[in-house]
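[1] need coordinates for the following:
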Amino acid sequence: MTDTAMQGTIAQLASEDARFTTLVALVEQAGLNEKLDADGEYTVFAPTNAAFEKLDPELVTKLKSGEANDTLKSILKTHVVEGETMSSALVEGDNTVATMADADLIVRKTGDSVTIGNATVVAADIDASNGVIHAVDTVIIPADLELTDEEETES
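    As a prediction, this is how the structure comes out:
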């Protein structure tokens, strides 16, 4: 049996990693876990629990409550790119990647450091059977996302 055959999917590996318990709960709540468990190749910039702790506590509560599911889906899809991109495959400087949220992210590689906006990759190249996970220390909020009280009234 090869290493690839023994690997789990992105969803499985994330659910088994204590660093991603908040992310896994939110992905399941948003109904996106099937996508990360499916065949295909994906790159996930996975915010750690500590990354979610940096957010406004009211926003996190709202996201966890289901009151802002559209906002939650938009935030989560901003962290997923179709295709597998290992950190070693990135060229030095700026790399543009298209997310599942139909937005472009600039992934900057400087030496061994990889950043996406103000998020830094703290653990790179966690290989999964359907792609790769890069743990990041900050939740990436889409530039066009307005975090307002209007989310509370959406159903």
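[2] what bridges to residue 120?
    Residue 120 forms beta bridges with residue 115, as assigned by DSSP bridges.
[3] isn't it right up against residue 110?
    No - between residue 120 and residue 110 there is no contact under C-beta atoms under 8 Å: 10.6 Å. In this view, the C-beta of every residue, glycine as well, is placed from N, C-alpha and C.
[4] check contacts around residue 119.
    Counting by C-beta atoms under 8 Å, 6 or more residues apart in numbering, residue 119 makes contact with 45, 47, 51, 136, 137, 138, 139, 140.
[5] now with 6 Å?
    The neighbours of residue 119, taking C-beta atoms under 6 Å, 6 or more residues apart in numbering as the test, are 136, 138, 140.
[6] same check on residue 86?
    125, 132.
[7] gap between it and residue 127?
    Relative to residue 127, residue 86 is positioned 8 Å away (C-beta to C-beta, to the nearest Å).
[8] just residue 133 next, same as before
    8 Å.
[9] those two: which is more packed in?
    Set side by side, residue 133 and residue 127 show more neighbours around residue 133, with 25 against 14, by other C-beta atoms under 10 Å.
[10] circling back to that earlier point, name the residues contacting each of residue 86 and residue 127.
    With C-beta under 6 Å, 6+ apart as the test, residue 86 and residue 127 reach no residue in common.
[11] count of neighbours near residue 23?
    Neighbours of residue 23 (other C-beta under 10 Å): 24.
[12] what about residue 120 and residue 110, which has more around it?
    residue 120 (15 against 10).
[13] residue 142: which element?
    Assigned by DSSP states H and E, residue 142 falls within no helix or strand.
[14] show me what residue 81 bridges to in the sheet.
    Beta-bridge partners for residue 81, by DSSP bridges, are residue 43, residue 99.
[15] my guess is it meets residue 97, correct?
    Yes - the criterion here is C-beta atoms under 6 Å, and residue 81 meets it with residue 97 at 4.7 Å.
[16] neighbour count winner among the two?
    More crowded of residue 81 and residue 97, by other C-beta under 10 Å: residue 81, with 24 against 17.
[17] dump the residue contacts of the more buried one.
    43, 97, 99.
[18] now do residue 98
    For residue 98, the contact set (C-beta under 6 Å, 6+ apart) comprises residue 104.
[19] measure it to residue 28 for me?
    Counting by C-beta to C-beta, the gap from residue 98 to residue 28 is 25 Å.
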